[in-house]
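1. Next input, structure requested:
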Amino acid sequence: MVGPEGTVAADSAMSRQSRQTDRRNAITEAVMAAGSIRITDLAERFDISTMTVHRDLDELASRGLLRKDRGVATALSTGLVESSDVYRASREISEKRALALAALDFIEPGQAIMLDDSTSSLHLVPHLHEKRPLTVITNTLTVMNELRSVTGITLLGLGGQYYNWCSSYMGRITTGTISGLRADVLVMSTSAITDGVAFHQTMETVDVKRAMFDAASRRILLADHTKFDKRALHAMQPLADFDAVIVDAATDARHLDEMRQMGVNVIVAPRSRAGA
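-> Numbering: from 1, shown residues only. I've put the predicted structure just below:
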C-alpha cells in the first residue's frame, strides 16, 4: 500500500508536471504570437532561469513546435526550415479560408480528391460534406481526425514516417502508396513561390507533394499573398503545370501579371466573409 508520504509525493510530482505543462504552453503561445523572442526575455517574462527556458525549448523543439537559434526562440520559417503546422494554422486565416472556398468549385460529388499537409488545404475540410459522396486521400493526421466519422466520405489515410512539425506522414512508404493511386483532384499549397516555381524547405515534403501531383488528374495550388515574399530551398513544381493557381485578394498585381504572362491560370479568390 502507498502511505501518506507516497501520496503527498505523487501529488507534488503531478503538480510540478502540471505547472511545467502550463508554462510550456504559455511559452509556445508567446513565441507564436510574436514570431520570435529572445531566450533571456522569456526567462524574465516567466520568472524562470535561462537554463529552464532552454530545457523547455528543447522539449518544444522535439515536438516540432518551436526552434532555438542564437539565443532566440522562434516559430518563423526560414529558407531551410518550415514552421510548425500549429503556427501556420494561426496565420492568414481569412485568406486561407477564401482560397479553400474557391477551391471547392473544382470538387464534384463522387470524386477522389487528395489533400496535402498544408494548413490552406485544411480549410477545405469543414466544407467537404457539401460535396458528398467523396473519397479523400491524405497524409495529414489532422485531416484524418476531422473526417474519420463523416458520413458519405471514404477516407484513405497514407501512412509512413510521422513528422510532428507538420502532423503528417512522409517518406518512401507514403510516396510508394501514392504511386498506386489515381485521384481526380489534388488540392495543395506551397511554402514559397520564386520565379514562377513553387518551392519548399524539406525534400521529404517535396517528394510527397510531387507524388500527389503525378497521381492526380487536376491539380489546384492554393497560395496566399505571403508565399510570394518567402524563399525556400527545394524547387517543387512550375506554377504553369497546375490547372489553377488560386490566390487571395491581397496578392500584389505585379505577381498576378507575372503569372499570367507565364501562362498560369490564376484565380483571385473573393475575400472571405467572417464566419463563412
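2. Report how many residues lie close to N145.
-> If you count neighbours by other C-beta atoms under 10 Å, N145 ends up with 12. Heads up, the C-betas are built off the backbone N, CA and C, glycines and all.
3. host element of it?
-> Assigning secondary structure by DSSP states H and E places N145 in helix 141-147.
4. on contacts alone, who are the packing partners of that helix?
-> Using 3 or more C-beta pairs under 8 Å, 6 or more residues apart in numbering; DSSP states H and E, the elements in contact with helix 141-147 are helix 119-122, strand 134-138, strand 153-157.
5. So for the closest residue to S121 other than its chain neighbours, what's the pLDDT?
-> Nearest non-adjacent residue to S121, counting by C-beta to C-beta, 6 or more residues apart in numbering: L115, 4.6 Å away. We have a pLDDT of 98 for L115.
6. Restricting to C-alpha, output stretch 37-47 in PDB.
-> C-alpha atoms of stretch 37-47 as PDB (Å, rounded to 0.1, in the frame of the first residue of the first chain):
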ATOM      1  CA  ILE A  37      11.500  36.200 -28.700                       C
ATOM      2  CA  ARG A  38      15.000  36.300 -27.100                       C
ATOM      3  CA  ILE A  39      15.500  33.500 -24.500                       C
ATOM      4  CA  THR A  40      16.600  36.000 -21.900                       C
ATOM      5  CA  ASP A  41      13.300  37.800 -22.400                       C
ATOM      6  CA  LEU A  42      11.400  34.600 -21.900                       C
ATOM      7  CA  ALA A  43      13.200  33.900 -18.700                       C
ATOM      8  CA  GLU A  44      12.300  37.300 -17.400                       C
ATOM      9  CA  ARG A  45       8.700  37.100 -18.500                       C
ATOM     10  CA  PHE A  46       8.100  33.800 -16.800                       C
ATOM     11  CA  ASP A  47      10.400  34.400 -13.900                       C
END
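7. and that stretch, average pLDDT?
-> Across stretch 37-47, the average pLDDT comes to 88.
8. Pull out the buried residues from it.
-> Buried residues in stretch 37-47, defined by neighbour count with 16 or more other C-beta atoms under 10 Å: I37, I39, L42, A43, F46.
9. Ok, stretch 243-257 next?
-> For stretch 243-257, by 16+ other C-beta under 10 Å, it's A244, V245, I246, V247, D248, T251, H255, L256.
10. Spit out the contact partners of the second one.
-> Okay, so that is V245. Residues near V245 by C-beta atoms under 8 Å, 6 or more residues apart in numbering: I220, L221, A223, L239, M259, V264, N265, V266, I267.
11. For it, give the beta-bridge partners.
-> L221, V266 (DSSP bridges).
12. Distance of it relative to Q201?
-> Between V245 and Q201 the computed distance is 20 Å (C-beta to C-beta, to the nearest Å).
13. just S49 next, same as before
-> Distance, S49 to Q201, by C-beta to C-beta: 32 Å.
14. which one of the two has more residues nearby?
-> Higher neighbour count among S49 and Q201: Q201, with 21 against 10, using other C-beta under 10 Å.
15. Show me the strands in the stretch 101-250 of the chain, by range?
-> Taking DSSP state E, counting those that start in this stretch as the test, the strands found in the stretch 101-250 of the chain are 112-115, 134-138, 153-157, 161-163, 168-170, 183-189, 192-194, 197-200, 216-223, 234-238, 244-247.
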